[in-house]
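A.B. asks: here is my input; please provide its structure:
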Amino acid sequence: MHIALYKPDIPQNTAAIIRLGACLNLKIHIIEPCGFDLNDARFKRVVMDYLGFSKIFRYIDYDSFLSKNKKKRIVLMTTKAKRLYHKFNFKKNDILLFGRESAGVPKSLHKRIYNKVKVPMNKKTRSLNVAMSVAIISAEALRQNNLLK
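C.D. replies: Got it, this is the predicted structure:
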């Protein structure tokens, strides 16, 4: 299972997602540019020594990411989706794409991606923390594919 972060801009969230990836055997894809340096003290404080246990792939932009992952299905996580994550059939090699914390993904990218899902939320709220969303949705995708061990 794969997690892709589109231009992440909060180091602590990215670090928490990398740590989650190490614990759940998720491959992490980071689509640049990041809004921080991976040597950032805030990033290092959260990621701790889990960086060495994670498979991390970095791409200079979204097109590079796409060209290296042509055979994988991309599933966008967005509050604008109609389909709920627990009613979606995830596949073993899906890439679960999460937008930046500050802005999501651009409309042009949103239009290009067919599969979109969301976590149901209280209508009075805007969004979950991205690391929380990754944990919720990846756990369901792993469960559906019998990859939780």
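A.B. asks: this protein: helices as residue ranges?
C.D. replies: 11-24, 41-47, 62-68, 107-112, 130-144 (DSSP state H).
A.B. asks: the residue of the chain positioned farthest from its centre: what's it in contact with?
C.D. replies: The centre of the chain is farthest from one residue, Lys124, which by Cα atoms, centre = their mean lies 23.9 Å away. By Cβ atoms under 8 Å, 6 or more residues apart in numbering, the contact list for Lys124 is empty. Placement of C-beta: from N, CA and C, glycine included.
A.B. asks: compare the helices of the chain and give me the one nearest Ile30.
C.D. replies: helix 11-24 (7.3 Å; Cβ to Cβ).
A.B. asks: pretty sure Arg73 contacts Phe90?
C.D. replies: No - at 9.0 Å, Arg73 does not count as touching Phe90 under the criterion of Cβ atoms under 8 Å.
A.B. asks: which of those two has more residues huddled nearby?
C.D. replies: Using other Cβ atoms under 10 Å as the criterion, Arg73 and Phe90 rank with Phe90 on top: 22 against 15.
A.B. asks: of all the helices of the chain, which one comes closest to Lys118?
C.D. replies: Nearest to Lys118, of all the helices of the chain, is helix 130-144, at 8.8 Å by Cβ to Cβ.
A.B. asks: who's in contact with the closest one?
C.D. replies: Contacts with helix 130-144, where a contact means Cβ under 8 Å, 6+ apart, come from 1, 3, 5, 8, 10, 13, 16-17, 20, 24, 26, 77, 85-86, 89-90, 94, 96, 98-99, 101, 117, 119, 127-128, 148.
A.B. asks: likewise stretch 109-117?
C.D. replies: For stretch 109-117, contacts defined as Cβ under 8 Å, 6+ apart pick out 6, 62, 73-78, 80-85, 88, 97, 104, 137.
A.B. asks: before we move on, back to that, mind checking which of the contacts of helix 130-144 land in strands?
C.D. replies: Among those, the residues falling in strands (DSSP state E) are Ile3, Leu5, Met77, Leu96, Phe98, Val117.
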